Structures are given as structure tokens and as C-alpha cells.
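Novice: return atomic coordinates for the entry below.
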Amino acid sequence: MKAAYIEKPGNVIIKEIPIPEPGPMDIVIEVKYSGICGTDIHIYRGDYVGDYPIIPGHEFSGIVTSVGSSVTRFAVGDHVAVEPNIACDDCPTCLENRQNFCENWIAVGVLVPGGMAQYVSAPEKAVFSIGNLPFKSGAFVEPLSCVLHGVERCGIRMGDRVLIIGAGPIGNLLCQSIKAAGASNIIQIDRNTARLELATRCGATETSESLEEIPHDAFDIVVDATGVPALMAKTVDFVRNGGKILLFGVPPQDGRFDIPAFPIFRKGLTILSSFTSVRNSLQAIRMLEAGTIDVSKLVSHELPLEEFAAGMEMIEKGEDGALKVLITPNG
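Specialist: The predicted model follows:
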């Protein structure tokens, strides 16, 4: 089979390797769609945890082609998506239901081979049926599950006023999920006008190209969906007294920002971050099935596996209206 290998930071090649064989509790999946995530780009650039060489790709869907001898939930031909974060279920954090902080954590596409390949193997416990969902929608199960975890951490209330900084694919998944949770007003910020038009279609009440136009101290919740340290620091300006900040975007591993200490104290703020998800995949699948979350409008490009590196560059540079770029390893 063909697979995209990040051999080391800044170097990706396409190579032929054997199709994986399933272990007793594993499932082999023919990958239909695999989404390029900002985390893949961070791994490619060497500023995120990763194990080199690595086959990236942790947002993918496909068809089961073989199962291990002890697998009970799946059969050949099933349509599935994968929750890439694999916990040991036995360390102190797992036993406290904090599996996303598992002391023995591994992740498909980060520390073990991922979905930027024609076939991928994953443990049965990490695989979820997507039923009749289109494979394209199934590739969004992982990012949506992470978004739902972040929204749950915020504790959105009916009628909340929310500011979202960033209107890329994750920003617009956040917008739809926050609206579904009950927010009454959602203002979304981005310098890209095409993305702001999409934000309006995803449920944003208002949009703006500049934070300078946004009132200070006005929002119950402020969400950063960019991971840009300078923008993360500005969230304090816009949240109301007693409000919450969610730092959702993935910053560079060595990223730093300075924020004045007194306003945090004076405003009585709650500052949250959100790391991956905690078994939110079934929620994500149900919301996609119900049409509560519409991901079809987020896909801008579908590229063959050979253009994986070009797809990452397209996203980094914001070229050709790039939003979510999906790779089709099997054509």
C-alpha cells in the first residue's frame, strides 16, 4: 500500500509498505477520507509531540477490511471512524475517568501509524460505527468530538453571548456546537472574509475582520480557535466580569504569551483549555446523523495522497480558499 511518511520535521515522502495485519483486538480499515489537521502541520514542522518517522492522519473514516480473532463489535464491510486517542484504562488518571491524560497515552497518527495511508490498523476500542453517514462526514468525527469536549468544559448556558476568535474549520465547528448548546449571540472574528461568510452560514450572529471593532468586557465566554499566542492573550479584554475563556486552538509547543495579572483577578475569570476529547465520538456521530452539525460546507479540497504535503502548505498559507482539506488515499 501507499503511505505518507513524515521522516523528520519538514520532510514527507510517499512510500510503499505492507498492508497491516490485525492483532487479536485490532481492526484494519481501508481509508476513504483523511482530513489534514493543524496538528498534522505541527508534527510536520516539529513543534508538537510526535514520533518520527510517522504516518500522520488522525481524522479519518473508511471500511473495515479485516478484523482480529477477538474482535466482536465489527465485521468486514462495516463503515467506521476512529477516535485516535488510545488510553491504557489502568493508570491513575484513566481510573479517575481522565483518559485524555492517560500516563501511557498513544495516538493514531501521532505516535503510531495513522490515516494518511491506504490502510490503517486501530484497536477495536478506538473504532466507532458511522452507520449510513457519508464517509466525508465520518472524517469529521474526531475533530467534532474534540470540539464537543471543549464546549462541555465551557458550560454554555441558554442565552450566553460568545466571541469566537478564528473562523477556520475548527472555529466553525465550534460556532455550530455552541449555537446548539444554547448561545443566543455569537460574534466571530477572522481576517478572511470568505471564512466569515461561512461563519454566518454556520450560525454566527455577527462577524468582523478586526478585534478593534469588538466591545471590551462584553461576552460571557470568549473562545480562541487560532492557537496564535498573541490572540490568546487578547481574550482577557473581551470577557465580562465572572466570565470564561476557552483556549481551544493548538499553539506551537514553545509558544508563549503575556497577559496582565490584575484584570484576571479583578474580573474573577475562569480560564480553560481543552485537550483532545473524552469519549465524545458517539455524541459527534449522533449530531452529524441528526444534521445538528453540518460539515459539508467546511470541505474546500479533496486531494490524492501524493498531494498531502501540498495540502498542508495550502492550509498554512491560506491559499485557494483552503478550509478543511481531505486526502483520498484510495482515490
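
Novice: now Ile178. Nearest residue, chain neighbours left out?
Specialist: Val162 (5.4 Å; Cβ to Cβ, 6 or more residues apart in numbering). Yep, even glycine has a C-beta here, placed from its N, CA and C like the rest.

Novice: residues contacting that neighbour?
Specialist: 156, 178, 183, 185-187, 219-223 (Cβ atoms under 8 Å, 6 or more residues apart in numbering).

Novice: three-state assignment of it?
Specialist: strand (DSSP: H, G, I helix; E, B strand; the rest coil).

Novice: for it, name its beta-bridge partners.
Specialist: Ile186, Ile221 (DSSP bridges).

Novice: Ile245 too?
Specialist: In beta-bridge terms (that is, DSSP bridges), Ile245 pairs with Val222, Ile271.

Novice: pretty sure it is touching Gly268, no?
Specialist: No. Taking contacts as Cβ atoms under 8 Å, Ile245 lies outside contact range of Gly268: 12.0 Å.

Novice: ok, the two, which is more surrounded?
Specialist: Ile245 (25 against 10; other Cβ atoms under 10 Å).

Novice: distance check, that one against Cys154.
Specialist: Using Cβ to Cβ, to the nearest Å, Ile245 is found at 9 Å from Cys154.

Novice: give the buried residues for stretch 180-196.
Specialist: 180-181, 183, 185-190, 192, 195-196 (16 or more other Cβ atoms under 10 Å).

Novice: off-centre distance for that stretch?
Specialist: Distance, stretch centre to chain centre, for stretch 180-196: 18 Å (Cα atoms, centre = their mean, to the nearest Å).

Novice: report the mean per-residue pLDDT for it.
Specialist: Averaged across stretch 180-196, pLDDT comes to 96.

Novice: can you check stretch 281-288 too?
Specialist: Here the average pLDDT along stretch 281-288 is 97.

Novice: what about stretch 282-298, start to end distance?
Specialist: Terminal residues of stretch 282-298 are spaced 21 Å apart (Cα to Cα, to the nearest Å).

Novice: use 41 as the first number for this chain going forward.
Specialist: Taking 41 as the first residue, the last one we looked at is stretch 322-338.

Novice: who touches that stretch?
Specialist: Outside stretch 322-338, the residues that reach it (Cβ under 8 Å, 6+ apart) are 121, 168-173, 176-178, 180-182, 184-185, 188, 209, 212-213, 216-217, 220, 238, 241-242, 363-364.

Novice: now Tyr92: which helix or strand?
Specialist: Taking DSSP states H and E as the definition, Tyr92 sits outside all helices and strands.
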